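Undergrad: my questions are about this predicted structure, shown below with the sequence.
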Amino acid sequence: MQAITVKPMTPGSARLEDIPEPDEREGTVLVEAIAVGVCGTDVEIVEGNYGWAPPGKTSLVLGHESLGRVVDPGASAALKKGDLVVGIVRRPDPVPCPNCAVGEWDMCRNGQYTERGIKEHDGFMSERWRIEPEYAMKIDRSLGLLGVLLEPTTVVAKAWEQVVAVGQRAFWEPRMVLVTGAGPIGLLAAMLGTQRGLEVHVLDRTDSGPKPQLVRSLGATYHTAMADIGFEPDIVIECTGVGQVIADSIHAVAAGGVVCFTGVGSGGATGLQPIANAAARGVLKNNVLVGSVNANKRHWYKAGEALARADRTWLAQLVSRCECPANFAKALARTPEDIKVVIQFADV
Ligand SMILES: [Zn+2]
């Protein structure tokens, strides 16, 4: 079967090649790939900056934002042939740490977790893949191709859960949310904010392309400069990882507010003085800055529910481009018009 593989830490090694059928040890459920979304992590892996091959192998099948159709459910009573499923990405560490031991692999303490398509487990960019039944999430059939958005939605489902958990340390009635960044994560975070009945504002530097309209059609407000937002958000979901935006978010958040970081970036202000100033503001305003990564099964379930009740026409606009597997390099090269690019292996 064909698969998109990469030799981790070797730039330019990604290719479409023939590999053996998926190993039965990867799971009793056999799935035919429909589509796999591409994100910044895939780009990092292909550029040779991230990623680990499975033990004893030199190459890794890429892809962690999956959508597939069950070909053989094996002994699973919960799955049927033809069901649409998405594969959970992370597996608990083998030690396990206390969090992995209770199913919170997203909160893994020792970093020995593994991840499909990223860390020591083949991913989903192959014509067929196998998975353990407990890691195959069945999705609402009416989502069709839009099921490929489940994995990024799990990331924001967890981020929202973290925000609420932190906010509830005191009396808290949040009303205004600022989401920084209008990429797939930012837009899905904004969608979950509107589903919670909050007043949502989204900040992104671009004033053209599909992003402003996508934000407005959610009933949210679009801004292109932090100086123009004109309010103190109760919640900031930070999705850019850009130093200046992070600093501005900490500055803008209301007293008692929560800033949740979901973006990984680097750079910006140097020296310790800005950090000390930010900490002082945090103290005086009872702010919490909380980082959030990955998702456990509860978040996958919640994300599936959120997607199932989302407007399909709006979600469809997030999938801005579909490429065939042979064009994977084109899929990895983002254009300003792109929101989420997917590599499509088969029709839904
Ligand atoms: Zn762990």
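TA: Nice, thanks for sending it over.
Undergrad: just say helix, strand or coil for I246.
TA: I246 falls in the helix class when you classify it by DSSP: H, G, I helix; E, B strand; the rest coil.
Undergrad: so it versus the ion, what's the distance?
TA: Using Cβ to the ion, to the nearest Å, one gets 27 Å for the distance from I246 to the ion. Backbone N, C-alpha and C define where each C-beta goes, glycine included.
Undergrad: and if you look at R321?
TA: Using Cβ to the ion, R321 is found at 36 Å from the ion.
Undergrad: next, count neighbours for that residue.
TA: 18 (other Cβ atoms under 10 Å).
Undergrad: what's the answer for the one 5 residues further on, then?
TA: Burial measure for A326: 11 neighbouring residues, criterion other Cβ under 10 Å.
Undergrad: then V177?
TA: Other residues close to V177 by other Cβ under 10 Å number 26.
Undergrad: residues in contact with it?
TA: V177 makes contact with A190, G193, L198, E199, V200, H201, P233, D234, I235, V236, I237 under the criterion Cβ atoms under 8 Å, 6 or more residues apart in numbering.
Undergrad: do the same with L145
TA: I34, A35, L67, V319, C322, V342, Q344, V348.
Undergrad: now L149, what's its secondary structure?
TA: L149 - assigned by three-state DSSP - is helix.
Undergrad: and the next helix or strand past the helix or strand of the chain with the lowest mean pLDDT?
TA: Least confident helix or strand, the chain: helix 273-284 with a mean of 77, by mean pLDDT, DSSP states H and E. The helix or strand immediately downstream of helix 273-284 is strand 288-291, counting by DSSP states H and E.
Undergrad: mean confidence for that following strand?
TA: Strand 288-291 shows an average pLDDT of 94 in the prediction.
Undergrad: please apply the same query to stretch 206-213.
TA: In this model, stretch 206-213 has a mean pLDDT of 96.
Undergrad: identify the residues contacting that stretch?
TA: Contacts for stretch 206-213 (Cβ under 8 Å, 6+ apart): A182, L187, V202, D204, Y222, T224, Q317, S320, P336, E337, I339.
Undergrad: what's around the second one, how many residues?
TA: The burial metric for L187, expressed as a neighbour count using other Cβ under 10 Å, is 29.
Undergrad: quick check, it in a helix?
TA: Yes. Using three-state DSSP, the assignment for L187 is a helix.
Undergrad: which SSE is immediately downstream of the helix or strand containing E44?
TA: Assigned by DSSP H and E, E44 belongs to helix 40-46. On the C-terminal side of helix 40-46, the closest following helix or strand by DSSP H and E is strand 60-61.
Undergrad: what is that following strand packed up against?
TA: When contacts are defined as 3 or more Cβ pairs under 8 Å, 6 or more residues apart in numbering; DSSP states H and E, strand 60-61 packs onto strand 2-6.
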